[in-house]
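**Student:** Got a predicted structure here, sequence first:
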Amino acid sequence: MFIDCKFNMKDVIATLLVLGFCFAIFMPSNVVSYETMQLFERILGTVIGFYFGAHVAQNNQNKR
């Protein structure tokens, strides 16, 4: 994966979520279009999905 997992990924994801919410709330709608917000949400969802998928796979390997 392209993300280096030495730093705490939960902190990174929490920061991304907070930034995303602030971005969505405080930006005027004429600056950020609806399509841009959809794209941002899709990217964020993909990153979170990848992280949790890798986390679950790692936990399953540790149990064996």
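**Tutor:** Thanks, I have the structure now.

**Student:** What's the separation between the residue nearest the centre of the chain and residue 61?
**Tutor:** Among the residues of the chain, the one closest to the centroid is residue 44, at 3.7 Å (Cα atoms, centre = their mean). Counting by Cβ to Cβ, to the nearest Å, the separation of residue 44 from residue 61 is 26 Å. Glycine gets a C-beta too; all of them are placed from N, C-alpha and C.

**Student:** buried stuff in the host helix or strand of the residue nearest to the centre of the chain?
**Tutor:** For residue 44, the host element (DSSP states H and E) is helix 34-63. Applying a neighbour-count criterion of 16 or more other Cβ atoms under 10 Å, one finds 40, 51 buried in helix 34-63.

**Student:** hmm, which helix or strand of the protein has the shakiest average pLDDT?
**Tutor:** Every helix and strand in the chain was compared by mean pLDDT, DSSP states H and E; the lowest is helix 9-26, with a mean of 74.
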